[in-house]
Each structure stands twice: as structure tokens, then as C-alpha cells.
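Sequence and predicted structure, then a few things I'm wondering about:
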Amino acid sequence: MDAPSKLNERIGFVVYVNSLKQVKALRRYANLYFVSKREKYAFLYTDLEGHEAILEQVKALPFVESVVRSERPFISETYETKSK
């Protein structure tokens with residue numbers, strides 16, 4: 001049997017845009033997951049490794065207002081019970 005392949009760590013980020021016409025151009029930088037037409041933002045996923053370079057490239061695009069990175073990979077998901 002083959003060993004199970006390890007999945008890459010992923011990170012998401014929200015890209016706020018001026019116009020929705022250029023949202024298709026974001027597909028070349030990361031996986032386009034969701035587009036909100038009313039709020040004018042797109043949600044993208046990419047690999048955690050090397051995501052900083054992709055964020056800088058996306059921020060430099062002329063139609064991008066701002067980029068917000070997800071903090072989920074950096075938050076501890078282990079919880080301790082409260083002892084009495």
C-alpha cells in the first residue's frame with residue numbers, strides 16, 4: 001500500500017477590489033474560492049509556504065483596495081479544560 005500523501009498547509013485571504021471586472025485576474029495568483037458581488041471582495045486560498053510573496057503581488061495590483069490575511073493557521077487550536 002502507498003503511504004498517504006501529506007496535504008499542504010493552506011491559508012486564506014480576502015481581497016477587496018474596486019471593480020469586479022478584474023476578479024478573474026486573481027486566479028493566476030491563488031485559488032479563487034468565493035466572490036461577493038455586493039461587498040466587492042474575493043476570498044482566495046494558497047499554500048502557506050510562500051504566501052507572503054503572493055500577498056505582496058496581489059497588493060501591488062492596481063484594482064486592489066486592501067488585502068486581509070486569515071490568522072487561522074497561526075492560532076493555537078488546542079484548548080484546555082478549566083479546572084475548579
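Nice, thanks for sending it over. Because the structure is predicted, anything quoted here is derived from the model rather than measured.

Which parts of the chain are strands?
Applying DSSP state E to the chain gives strands spanning 10-17, 31-36, 41-47, 64-69.

Redo those as CSV? Include mean neighbour count, mean pLDDT and distance to S76.
Quick note: C-beta positions are derived from backbone N, CA and C, even for glycine. Shown next, in CSV, are the strands of the chain (neighbours: other Cβ atoms under 10 Å; pLDDT from 0 to 100; distance: least, Cβ to Cβ, whole Å):
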stretch, mean neighbour count, mean pLDDT, distance to S76
strand 10-17, 18, 92, 16
strand 31-36, 13, 94, 24
strand 41-47, 19, 93, 21
strand 64-69, 14, 93, 17
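
In CSV, list these along with distance to K82.
Listed next are the strands of the chain as CSV, based on distance: least, Cβ to Cβ, whole Å:
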stretch, distance to K82
strand 10-17, 31
strand 31-36, 36
strand 41-47, 34
strand 64-69, 31
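
nearest to Y79, of the ones you listed?
Closest approach to Y79 among these is made by strand 10-17 (21.7 Å; Cβ to Cβ).

check contacts around the residue nearest to the spatial centre of the chain.
Centrality entry for the chain: nearest residue to the mean C-alpha point is G12, 2.1 Å, by Cα atoms, centre = their mean. Applying Cβ atoms under 8 Å, 6 or more residues apart in numbering, one finds that G12 lies in contact with 33, 43-45, 70, 72.

Mind listing residues that contact stretch 19-37?
Contacts with stretch 19-37, where a contact means Cβ under 8 Å, 6+ apart, come from 12-13, 15, 17, 40-46, 54, 57-58, 61, 63.

same check, this time on stretch 62-82
Contacts for stretch 62-82 (Cβ under 8 Å, 6+ apart): 9-19, 21-22, 25, 48, 51, 55, 58-59.

switch to 10 Å and redo it
Stretch 62-82 is contacted from outside by 9-23, 25-26, 40-45, 48, 51-52, 54-59, 61, using Cβ atoms under 10 Å, 6 or more residues apart in numbering.

Ends of it, what's the gap?
Using Cα to Cα, to the nearest Å, the end-to-end distance of stretch 62-82 comes out at 49 Å.

So for it, what gets flagged as buried?
Buried residues in stretch 62-82, counting neighbours by 16 or more other Cβ atoms under 10 Å, are found at 64, 67, 70.
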